[in-house]
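K.L.:
The sequence and its predicted three-dimensional model are supplied below.
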Amino acid sequence: DTAVSQTPKYLVTQMGNDKSIKCEQNLGHDTMYWYKQDSKKFLKIMFSYNNKELIINETVPNRFSPKSPDKAHLNLHINSLELGDSAVYFCASSQDLRNEQFFGPGTRLTVL
Amino acid sequence: AQSVTQLDSHVSVSEGTPVLLRCNYSSSYSPSLFWYVQHPNKGLQLLLKYTSAATLVKGINGFEAEFKKSETSFHLTKPSAHMSDAAEYFCVVSELGDYKLSFGAGTTVTVRA
């Protein structure tokens, strides 16, 4: 029944590793997003996909690569993890670009 | 481009007293405005939204917000705070023709018994 789900909920890894976070929505929405929330709770958009096409790509290191296999999924792959990547990553979806967004529970990434 | 300023980083209220969270926005075109709440270790939940209909918007859990174009404000209020209202609150704006939401820095609400 979860509208927007993310896995894993917690991710602890070493510097230099590659990791992925998965996101799925069952709301039938056309648009999905990835956000990064830092330790001061500031939320910053990273990417947005609309109908599987990338439409927002903020200033994010190219170590971060989103992949959308279909409209219901938007995964985030991170290469060569760095200490500064430690944060909570939120996936969200919306019917279109102007409507409210529905957020997943977040993935807390800790890079050691 | 749009932006949001939440005027208070932290608000502390006693249970049963009113809550006021202040938000000012800047937008070149007709904005949509939202308030989201984030409880500890949880995702964000929509409280209410304004999309050019009634200027007084009612949301969930007794919250409401008033859109004031002349003051470029969208303040969030609740007449009587409950302990469960302790959370982080985000004011958000999106603009016609733009593809993203702009989040305020957040206001932390604590509720004293």
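P.N.:
Looks like it came in fine.
K.L.:
Give the closest residue to the residue nearest the centre of chain B in space, chain neighbours not counted.
P.N.:
Centroid check for chain B by Cα atoms, centre = their mean gives residue B:35 as the closest residue, at 3.5 Å. Closest residue in space to residue B:35, ignoring its immediate chain neighbours: residue B:47 at 4.3 Å, by Cβ to Cβ, 6 or more residues apart in numbering or on different chains. (C-beta placed from N, C-alpha, C; glycine too.)
K.L.:
In this structure the residue nearest to the centre of chain B contacts residue B:60, no?
P.N.:
No. Using Cβ atoms under 8 Å, residue B:35 is not in contact with residue B:60; the gap is 10.1 Å.
K.L.:
Give the residues shared as contacts by those two.
P.N.:
B:46-48 (Cβ atoms under 8 Å, 6 or more residues apart in numbering or on different chains).
K.L.:
Return the set of buried residues in stretch B:42-49.
P.N.:
B:43-44, B:46-49 (16 or more other Cβ atoms under 10 Å in any protein chain shown).
K.L.:
looking at chain B, which helix or strand is least sure?
P.N.:
Least confident helix or strand, chain B: strand B:102-103 with a mean of 88, by mean pLDDT, DSSP states H and E.
K.L.:
hmm, who's touching that one?
P.N.:
Contact partners of strand B:102-103, identified using Cβ under 8 Å, 6+ apart, comprise A:42-44, B:1-4, B:90-94.
K.L.:
Next step: these restricted to strands.
P.N.:
The strands, defined by DSSP state E, take in A:43-44, B:3-4, B:90-94 from those.
K.L.:
and the contacts of strand B:102-103, which are buried?
P.N.:
Applying 16+ other Cβ under 10 Å to those, the neighbour count classes A:43, B:2, B:4, B:90-94 as buried.
K.L.:
with those in mind, which one is nearest to residue A:55?
P.N.:
residue B:94 (13.5 Å; Cβ to Cβ).
K.L.:
Per-residue pLDDT of that closest one, please?
P.N.:
On the pLDDT scale, residue B:94 is placed at 84.
K.L.:
do the same with residue A:84
P.N.:
94.
K.L.:
you'd agree residue A:84 is in a strand?
P.N.:
No. Under DSSP: H, G, I helix; E, B strand; the rest coil, residue A:84 falls outside any strand and is assigned helix.
K.L.:
Apart from its chain neighbours, what residue comes closest to it?
P.N.:
Spatially, and ignoring its direct neighbours in sequence, residue A:84 is nearest to residue A:111 (7.9 Å; Cβ to Cβ, 6+ apart).
K.L.:
can you list the residues of chain B near chain A?
P.N.:
B:32, B:34, B:36, B:38, B:41-46, B:49, B:51, B:88, B:90, B:94, B:96, B:99-101, B:103, B:105-106, B:108 (Cβ under 8 Å from any Cβ of the partner chain).
K.L.:
if we go to 7 Å?
P.N.:
Residues of chain B lying near chain A by Cβ under 7 Å from any Cβ of the partner chain: B:32, B:34, B:42-44, B:46, B:49, B:88, B:90, B:94, B:99-101, B:103, B:105-106.
K.L.:
Residue A:55 and residue B:100: what is the separation?
P.N.:
9 Å (Cβ to Cβ, to the nearest Å).
K.L.:
what's the overlap in contacts for those two?
P.N.:
Common neighbours of residue A:55 and residue B:100 are listed as residue A:48 (criterion: Cβ atoms under 7 Å, 6 or more residues apart in numbering or on different chains).
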